[in-house]
Every structure is written in C-alpha cells, then in structure tokens.
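A.B. asks: structure for the following, please:
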Amino acid sequence: LVDGGTTPVIDGTNDFVYELVGTAAALGTLDDAVLSTAIVAFDVTVDVVGGYVVQVFEDGNLRFGANVVDDVVDGTVTIGTEEYGGRSSDTTLAGSTFDTADTAFTATFQDVADEVGVSFESRNFVTLKASIDGTTQAGGYAQALSFIVSGNY
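C.D. replies: Residues are numbered from 1 along each chain as shown. So this is what the prediction gives:
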C-alpha cells in the first residue's frame, strides 16, 4: 500500500487477493517482521439527495482466547509492535480519523466512507492492519467487524 494505506499497489511483491467467501477476511499468520493486511472493499449505490455514510463497529478486540492484540493508539500500525487498526480509502471523512491515520476499531459506530449526494457505484475500502511483537502469543486471532450503510436524509 502507498499513501499511508489509501491506494493498493499490485506490483508482484506480497500481492494477495482473496475473494470474500462468506463473511471472512484473513490477515494470515501474524509475524513480528511483517505488517499483515487485508482489504474489505465495498460498492455503494444510493439514490438519496443527502448521500450516505458507511460505518463500522467491532464485537470486541482482535483476540485469541484470553490474548488480545492491542489497538493502535499512535496513528500508525508499526512492524514489530503489537498493534491493530484500519484505514479508509476515503480521504475526506469529517466524522472520524480513518481517513488520515490508522485507527482502532471500537464497539461504537465510526465513519469509514461517505458521500454528500446521489451516488452510483461509489467504491471504497478499509485496509485492516495488524502487527505483533516477539511476546505476542501465537494463535488464530479473530473478531467480527460489522459495516452499516445509512442514507443521509
């Protein structure tokens, strides 16, 4: 990814494309020497003069049993540091920091994309980012993220 995670680059180096089958997006095996990423993409069409907002919320932290990967707090998920968060491709959000920084997911609704008018096939994505350090317990970490689209009436 370039531009702080806003533009995917397909260059033959560590390129992975996974078709979302069912409801899972995989970060793969977390490694303290690699930034693990996954992309959740969406295409929104609304015939609403006021546009729409896409929001996300989590069911709890990225976890494996009692072990939790810490939420990103400094705006950047860094290789070798235990952190997890995401960044939106929408670079003009007014309602959250997902447009300018790697941001932690929370149990409350957070804006990840919006449009201020009628929109046909508006495409955006959220890049999930995770990194661990040498003390992070190995395992199959998971969480549920829910995305909601609401019209602005």
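
A.B. asks: just give me the neighbour total for Val149.
C.D. replies: Close neighbours of Val149, defined as other C-beta atoms under 10 Å, add up to 14. Bear in mind the C-beta positions are built from the backbone N, C-alpha and C, glycine included.

A.B. asks: and the contacts of the helix or strand harbouring it?
C.D. replies: Using DSSP states H and E, Val149 sits in strand 145-151. Strand 145-151 is contacted by residues 40, 42, 44, 46, 48, 50-59, 105, 109, 112, 128 when judged by C-beta atoms under 8 Å, 6 or more residues apart in numbering.

A.B. asks: just the buried residues out of those, in ChimeraX syntax.
C.D. replies: The buried residues among these can be selected in ChimeraX (16 or more other C-beta atoms under 10 Å) with this line:
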select :40,44,46,51,52,53,54,55,56,58,105,112,128
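
A.B. asks: would you map the strands across the chain?
C.D. replies: Ranges of strands in the chain, per DSSP state E, are 36-46, 52-58, 63-64, 67-68, 83-88, 110-115, 119-131, 145-151.

A.B. asks: which ones are touching Arg123?
C.D. replies: Residues in contact with Arg123 (C-beta under 8 Å, 6+ apart) are Ala41, Phe42, Asp43, Val44.

A.B. asks: the third one against Phe125, yeah?
C.D. replies: No - using C-beta atoms under 8 Å, Asp43 is not in contact with Phe125; the gap is 9.9 Å.

A.B. asks: quick one on the thing from earlier: give me whichever of the strands of the chain is most buried.
C.D. replies: strand 83-88 (a mean of 26; mean count of other C-beta atoms under 10 Å).

A.B. asks: most remote residue from this protein's center?
C.D. replies: Each residue of the chain has a distance to the centre, and by C-alpha atoms, centre = their mean the biggest one is for Val49: 27.2 Å.

A.B. asks: so where's this structure shaky on pLDDT?
C.D. replies: Within the chain, the stretches with pLDDT under 70 are 1-23.
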